[in-house]
Every structure is written in C-alpha cells, then in structure tokens.
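Student: Sequence isn't available, so here's the structure alone:
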C-alpha cells in the first residue's frame, strides 16, 4: 500500500447540553456546547472499515448528557476533565481524549416591583436572559497521564475611542497609509490561555474564578494601555494575565483590527475632528501572538481551534 | 408593453456609522447600521435606464456620515427622522423615505484600582466593550406629511427554567407529543412596536427612555407570566408594553420556541428530574402575533423587516 | 382589557426533510426545509392559555414526514399544497395555512472510468453533490377556498464584467460619486414570483418546469441587458419572466448592488484599465421592485419573507 | 520582565480582489479572498510599540491589488507564491510569509437563442453566475528558502443514499444506537493537501489542473466506496488523491457526519423503507484524519486553518 494513515481523531461535535440546578426555588443554569474527539488504535477502521475499536459518536453524546446528571457541571473545565478521563480510562483502544467546550452566560432578569413585594428580591429566581457578550471556551486534553487545559474566550468586542496612535512604520513603494496620532482602536478578542495544571497530583485551579479574573485583566489591559500599535496592546493584554494569574503560563491572542476609518467630510465643507467613523468589514488587520511566562515552553498551536 | 412597474424602492443599505461624542475626557458612542430606501417618480429609470431622477445611493451614504457630524446622533429614531425628512423634502422626485437602523450597545470597561487612584472612577472614560445582547432596531417612514416609527429589538434570548406547561391541546392521527406540566420555555425575542407619534405637530416621545422601558417590560412580562402556552406569554409581553407605554399603540412579536428537550436518561438507569436538557436547533416552533391598543388599527406588516 | 389581539399565526419552522425515491438502482433526492404557519380561532390560547384549538407544532413536523412517505414529494409546490390543504380541511379552528419551503439542489457525481465499464454510465446512481448555487423557495397559502403560490429563489450571484454604465444622475451637495461608463454590475438575485393559479378548478402549472424556465429567463435577461442602471436590469429581468411564462403574473426582485470598486493603482504608477476590482461588503445599494402583468393587482408584499 | 514573546505574526486578512482578463470580447474572472501573515524581527513592536520594522497591513492590501495588475492571477497558488516571495525578499525584518487564499468559482451564463444567432455561441462572453459549490483554498508559506503549499477545498457537500453501513462497534453502558445495514452517508468535505514542491529548483505543478483532478478524485472515491464507516471512506478519499496525483504527498480531511436519521413513521401506521429522513444539525459526528504517501512526514497541522 503506497499510502499510510497519519494523525486521526473522531468524535461527536457540538452536543448542546443545558443543566438546571435547583437550590430551593432558585435555579442555576449551565449552558454548554461540548465536542469530544478521541484518538487511539484506530488503524483498522480506516483500512478495512472494522468498527471493533470504535465507540459510536452517538454514545459520546449520551455520555455527555448522563454525566451532566451523574456529576453535575461545576465548571466547563471540570466537566471536560470528567469526560476526558472517562473515555481514556474506560476504553482500551482510546489513548487520548480532547474535549472542547463553549459556554454561554446567562444573567437573571430583573423583576418588577410587584414581584419584589412578594419575594423581597429584584432578581428572578428562574428567569434568565443570555448575556450575549463573549463565548467562554475550554479545551481539555488527556493522554492517560498528563492533562492540558487551554481555556479562553471569543467574540469579545472592545474599543478605545482615543489613546491609540500608529506612525513611524516602514514605507515601501506600495505604502499610501497616512500616519495616525489619534485613532480608534477596536478589536474582537479571541484569547486562549494554558494552565500549568498538568497532573492529578497537583491542586486544581478554581476554574470559575480564574476565568472571571482572566477576562477582567484582558479588558483592563486593553483599556489602560496607551497604544502605539495593536501588537503592543496584545502583549500588554497577555502579560497582564500571566502577571496576575499564577495558574496560567501561556496566552495566545488573535486580534482582528476592526478598522474604524475617519470619514472625509471635507467635500461637504465639514471638519471631522475624530467624531464620525466608518466601521469597515473587510479587509482587516490581524495581529496574533503568544505571550509566555519566562522559562516555559509554548504549547498552544498557532491555529488553535477557538482562535 | 404587456408588463408594468409596481411598488419599488432603492437606496443604500447597511452604512456602518460610529459617532464619538466628547464630553471633556469622557467619550460617548453611538454605533449604528443605517439603511435608506427611497420611492417616488422612478418609472423612467426602470423603463429606459434614465437616471435623471436618481440620487445615487453613494450620496445617501455620504449624507448619513455628514448628518452624524452636522446634527449628532441623539437617538436612532431622531437620526432616522432627520434623514427621512431630508430626502423627501430636498429631492422633488422622492415621495417617501424609509430609514431602517440597527443599533449596537456598548458599556464602559471597569478599570483597575491603579486607574481608580488617578481618576476616582472605576468607569473607563473612553474604553468600551460591546454588550452583545440584543440589537435595537428602528424603522422610520415619511411621506412628506405623516410619520411612522416602528422600533424594536432582535436576538434577545430568554429562558424560564420552570413555570411553563403545555397540555390540553388538539390531537390528531399525527400527534405523538406528550403533555408537559413543567417544561423549559426559551425564546429569542424579535419585537417591533409602533409609536402613535405620526406628525410634527405632536410632541415627540423620549426615544431613549421609551426603548429602555419597553425592553424592561418585555423581559419582566416574560419572567412573571406563568405560561400555559407560548402564545399566552406573547400576549402578556405585548400587552405589558402597551399598558405601560402610552406612546406605543401596537406590538408585533415573533417568538421562536427554542426547544429544550428533557433527555431520556432511563437507558442509563438515571432519572431526569427536569435537570438535563438538549437544546435543539431545528425545527422550532414559531409563534407570531400582534397586540393592539383597543380601537387602533394594525399597521405593522406580518413579515416586518426585523422580525 | 385595554389591549386586543391582532393578526397571529403559529407553526413549526424549518423541518428538514430528505426524501429518497428509488427507481431500481437509480435514486432521486428531494431535500426540503419546510415551515408551516397556521391561523384561525386562536384568541383563547393568547388570552387564557387554553390550548383547546391548538394542534401542537410537533404534530406539524410529524405530518411533514408522514406526508413525504404517503404522497411523495413531486415538487415543493405540490407538497406544500398537500400540507396546506390538510391543515385547513382537517382542523376546524384553522382557517388559513401558509407553508414556506426552501429546496436545495443536488446533482449526480460523475464516476470514474472503472465504474463506467460496469454500468455504462458516468452518472452515479446514488451518489450526489449539492450544487450549492441558489436556494429555491416557495410559499403556498390556502384559506379553504383560494390558493396563492409565490415561488422564487435566493442567493443566486451573477456578474457582468462590462456593458454596465451609471451616469446622468441627480447631484446634490453630498454627491461625490464619479460617473461610470464601463463598470462591473454584480448582484445576488432574490426573486419571488406569483402564479395565477388560485383555485382547484384551474389546471395546475408544471411546477418543476416553471422553476427551471423562470430561473433561465432571469439569468438571460441579466446577461443580455446593456445596463444604464440596476433598476433597468431589474425591470428587464422581471418582465422577461412574465413575457415568457403565462402562469406567472407578478415578479418581485430584491437586488443588492454588490459593488466592485475599481482600485486606484496610480500611486503605484500603474494604470487600471478595468482589470482590478475590490469587492466590497457594506454598504451596498439595494434595488427592489415589482413587475406586473398589465391589468393584474400586486399581491407580493414589499418585505416578502424570502427577499 | 517575567513574560516573553512567543510565536507571532501579523498581516492583512481577507482582501477581496477580483481580476478581469479580457481576451477580445471574452472575459475571464479570478475572484479571490487573500490573507497575508508575516513574521520576523517583531519583538520591538510588541515590547515598546516601535513600528520601525512594521510594514503596515494597509500596504499588504495595496500590494495584493497592485500585483493583480502587474502579474495577473494565473492561479491562486502562483499568485500567493509571488506575494510571499515579495514580502520575504523585499523586507529585511520579514523572515516568513504565509498567504492564505480562498477562491470562488464562476461559470458562464448560457444565453438565449437570440444571442446565439448573433455570436454563434450559447456561452455569454462577459456574464457569469457564481457556481456556489465549494470554496477552493490555498496556503503558501515561504521562509526565504523553502516553500510549503497546502491547497484544498471546503463546504463540498456530498451524499450517498445507500451503500453505507455501521455495525460491529464497541458498546458500553451509555450505548443506545442501533446498528445500521443501509444508511445515508452525507458529509461536507473539508480537505487540505500538501504538495511536494518545496523549492524553486523543482518544476512547479500545474496548479489549476491539480485542483480539478484532486476534487474529482475526492468525489469519485466518496461515490465509489462501499462504506462500513466514515473513517474508511475518509481513508479511501485521501489515498485516491495520493495514488493519482504524484505532486501531492499528504491529505488531511475533516468530515462532519451530517446525520440523516430515518424517521420513525410507525406511530402513523407507515413503514419507512429508507425513504424519509430528518437532516439533523447538531450534534454531528466529526471524523478527521491524515493520509500520507509512504515514507513522507506529516506536516499539515491537526487544526489547519481551512479545516
């Protein structure tokens, strides 16, 4: 046979599980999109079609639902760890499991005064509105021994309406761009960060708190950096997370430069003093980079799945 | 000629204008997507291609940008009114203008303690994050005399994790659904409401406050209705808006029933006591309806553009 | 009660049914997305939540699947007619049914010479590739007596690389556009056409042939019109369909002007002789219009669902 | 500084260039979406914001347009090679360029008999319709010495309506799936293949012919494989390409199993003899794998950008 099989994986993608937990009359939601990918002794199914080693992807879906009941969903990361461990330890041919999870946040609807009089609270007990801001992401990989957890977020759109410049750049014969000393800087943050928790022997991070804090630091670094280039902002965002979160060793950011072009109003006898912008779609700048704790090795791929 | 021209309109769609207003160091954003459609004496351009009566759509785009500078953007509705009036009154052949606007909300980034020490505030002055929840919509129509303003919102996803039932329905030979006495009710609200402001002679509503309040009432009615059917919830949502907002006479709602099916865990020896749900994509129920103040005539079309 | 219920409808949207018909070893596919919306005596379910008159939307989904088996799918229109008739005639409270269908086309995969030697044909008998070009649409409405069938297509992207001009238009103080004597004209055709078949007493059109021909005439009219404005092209496209298809009385077209801007290459010492274009996303011109057979009344709404 | 910079790249993404070539009255189109990413001596721009080594992404966009004029677009691959070579050889700090291109295919509109009488041809000379089937992809990487070209396609949806089985798989306590001896097999092919052309010293492949043939082999292998598992089909598809195309050494495929579930019609007293299917959205199986020419090393990443 002149061809051979290389890396392969298979699984069930995008199982949409919603878990309601009842704390008396007060309900809590976890809303996840879970994708499982397994690898191992899978040569035969590729070469001859024998499914002897193949656990159906339908079973993976069932397992996601059953585990939500059996173990609850404390956090996306903890849930992914349970699933990954299960597949690797319960199925002889499976040597590696990768679980990717997207999580959507909900907040309580604020109720009316009539309801307040009854319950003494303006927070609805079982009524929610989806926040719609970013999606939280997590990728948990387990090979039977080592863990790799890469969490992150996507589609978090931010803007600084000043404190951004861009000048002093290289010019060649195709350069027509004018230097900017006060521009809008806007991007849709795609971020992934890797935890240094790699073994059951180590204490597990507080996943929920870690996420809240990492997001906060990304936003604050974006807001508080006087930017001479989006690369500089990217580096500040990544290093702020690592400086403040000892459980995180590596951050990968993919920042599309969502251009807001100052509209030329001169033809209409108007001056545009950084007031009116055209928000362009394509093309867009795309700035990508990894920031590492000194001394650690980079492990997040250049084209990581959520970036 | 065996064919004739019927209703027609033309314009520039989706001009993405961002307006920054500076109040000292504190900046404010308006982020709009503006679509203009004009009608009038346009037979010739269709029959012979003569553009004599045609104001280029490129000019409409320019006008959107120029007006953002000349008049500012107080609210989407007020901005649309300025534009619609301009096109109808400045162009002889134009007899009717329809301006559709989508607005995206931004909130200030909360800054760190270091920044707080300098400014005394945790609210960034010129750094924003897009809220990402719903898009606010508005459609302003002007025929030179009468105004019609239909505002609304889309993609506001809500969920009640209990207090919803569905039983007592008609059964025919194709019915297999089991009655439900405690189910999840989730929908993505698409709403449009019509103002009774129709003439320059009447006092204009406070568009910003009206929007905030209408959204609040939709959410509260959703949360506070014990639901026997999504139709009942729809009616409550619409009538709550009309009951509380005297400037609004008609509400049209399009509510996809975002099914959350209780997963059957019995094959795994588990009981699912309203805990684990599968969030389905398609097909979905779709409940649509108009709620009117008594005595007024319905004017929002069944397939209104943002529904 | 200060509010009342206006127009309302409910149903199951986007039931994705695929029907395989076997003609010996040769298979045929129909791939539809079916949405049902019913109206009638539905006040109670809105006011009190009583579901007495409500056939569950789940039943509508079941009916779509069962009818695909019982009656087959000869064409989208014929299938929609069967469904609409069923709901109106079998359910006392239902007075009107609207069935919207999208259809996706597949073509046979061309097989290899090895297969050819066995079967004598290069057309695979049961292997298909989705053409991916336009989606075919249909909306069938029945009130127990009269039929209205509006078919159409969407997302059919076409381009003329010459034979398009745009000049002689109105200029105001916001006009900066330069006249064009040779430009690209590109659009993504959204079309809806209404049949004059309205009653069971009339002979039914050949729906499949009608669609193929209507699409052909739209394409040819686009290609063969020397265009002075997109409105002129729109009118030619619509009237070509009516002139050639006696079963169609009205055409509504929504044509986004997918701008291809000639790139200014002068800064690089290059001349751009209508060779290099930038394909822009937003904003875009949007030209909409109805073309009617003389003497008939327009019935396709300005914002028809597939436009 | 406790953090350091890791892998980084920056560039202009999604420049939408359309090139018209005139061969007398007959026009030809190339319609590309070009993304450029450059890497090199970029530490300073991240650490201090100094743009000394930064060629603006706006310049990259200009270069794409200028090169389309200066060199034409013979094929996506050849165009990407020109661009990548330019950036690496003309900019001292740039050590590596990656150019990703998507291409959209157009076909000529068939004209009417009237036109035929004039031109003797039913193929329009300058009127096109987008085929809409798959997007063709290419990624060209150059480090100043070695070339890596990975081409492919995405969103090619295919279906076998029979000749697919799935049985004999592993069962655990969460398995409920029934074995299938005749099922629909449908997938949306995402494919990437790597050329063994790596140096200017080697003769360049015929990129256009290579693409046409690779696509043909993928389709034929899908159609002609009697499938016991999607993995088996995947392997056949990849090895068919390598067996037939000596310029290709590695194929990576990502095949979502677009489930078509046989609808249970028994409740309605109907038998479903593999006729009526429900096309599901989520979750879906996802089968991914690499097929290699024996003796070569795999280089396409698991999460390659177009997969």
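Tutor: Cool, the structure landed. Everything quoted here is computed from the prediction, not taken from an experiment. Residues are numbered from 1 along each chain as shown, chains lettered A, B, ... in the order given.
Student: Distance of the residue lying closest to residue A:169 once chain neighbours are set aside relative to chain B?
Tutor: The shortest distance from residue A:169 to any residue other than its chain neighbours is 4.0 Å, reached at residue D:51 (CB to CB, 6 or more residues apart in numbering or on different chains). For the C-beta atoms, the positions are set from N, CA and C on the backbone; glycine is no exception. For residue D:51, the distance to chain B equals 22 Å [CB to the nearest CB, to the nearest Å].
Student: surely residue D:51 meets residue A:177?
Tutor: No. Contact criterion CB atoms under 8 Å: residue D:51 and residue A:177 do not qualify, at 11.1 Å.
Student: sorry, back to before: am I right that the residue nearest to residue A:169 sits in a helix?
Tutor: No. The assignment for residue D:51 (DSSP: H, G, I helix; E, B strand; the rest coil) gives coil, which keeps it out of a helix.
Student: so who does it touch?
Tutor: When contacts are counted by CB atoms under 8 Å, 6 or more residues apart in numbering or on different chains, residue D:51 is found next to A:166, A:167, A:168, A:169, A:170, A:228, A:229, D:45.
Student: Drop anything exposed from those residues.
Tutor: Among these, the ones that count as buried by 16 or more other CB atoms under 10 Å in any protein chain shown are A:166, A:169, A:170, A:228, A:229, D:45.
Student: Mind checking which of the contacts of residue D:51 are in helices?
Tutor: Here DSSP state H is the test, and the contacts of residue D:51 give residue D:45 as lying in helices.
Student: Can you give me the domain assignment for chain A?
Tutor: Here the domain parsing of chain A from automatic domain parsing is A:8-145, A:153-307.
Student: Reformat those domains as TSV; add distance to residue C:3.
Tutor: Listed next are these as TSV, based on distance: least, CB to CB, whole Å:
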stretch	distance to residue C:3
domain A:8-145	18
domain A:153-307	38
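Student: Mean pLDDT added to those, as CSV?
Tutor: Formatted as CSV, these follow (pLDDT from 0 to 100):
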stretch, mean pLDDT
domain A:8-145, 97
domain A:153-307, 98
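Student: sorry, back to before: now do the shared contacts for residue D:51 and residue A:177.
Tutor: By CB under 8 Å, 6+ apart, residue D:51 and residue A:177 have these common neighbours: residue A:169.
Student: how about residue A:37, what does it touch?
Tutor: Taking CB under 8 Å, 6+ apart, one finds A:9, A:10, A:11, A:13, A:97, A:98, A:99, A:100, D:286, D:288 in contact with residue A:37.
Student: thinking again about what came up before, and which of the buried ones among the contacts of residue D:51 is nearest to residue A:30?
Tutor: Closest approach to residue A:30 among those (CB to CB): residue A:229, at 38.9 Å.
Student: May I have the phi/psi pair for that closest one?
Tutor: Residue A:229 adopts backbone torsions of phi -170, psi 150, taken as degrees, to the nearest 10.
Student: returning to that earlier point: tell me which two in the buried ones among the contacts of residue D:51 are the farthest apart.
Tutor: A:170 and A:228 (14.6 Å).
Student: Now the closest residue to chain B within the stretch 201-307 of chain A: which helix or strand?
Tutor: Closest to chain B within the stretch 201-307 of chain A is residue A:223: 3.4 Å, counting by CB to the nearest CB. Here residue A:223 sits within helix A:207-224, counting by DSSP states H and E.
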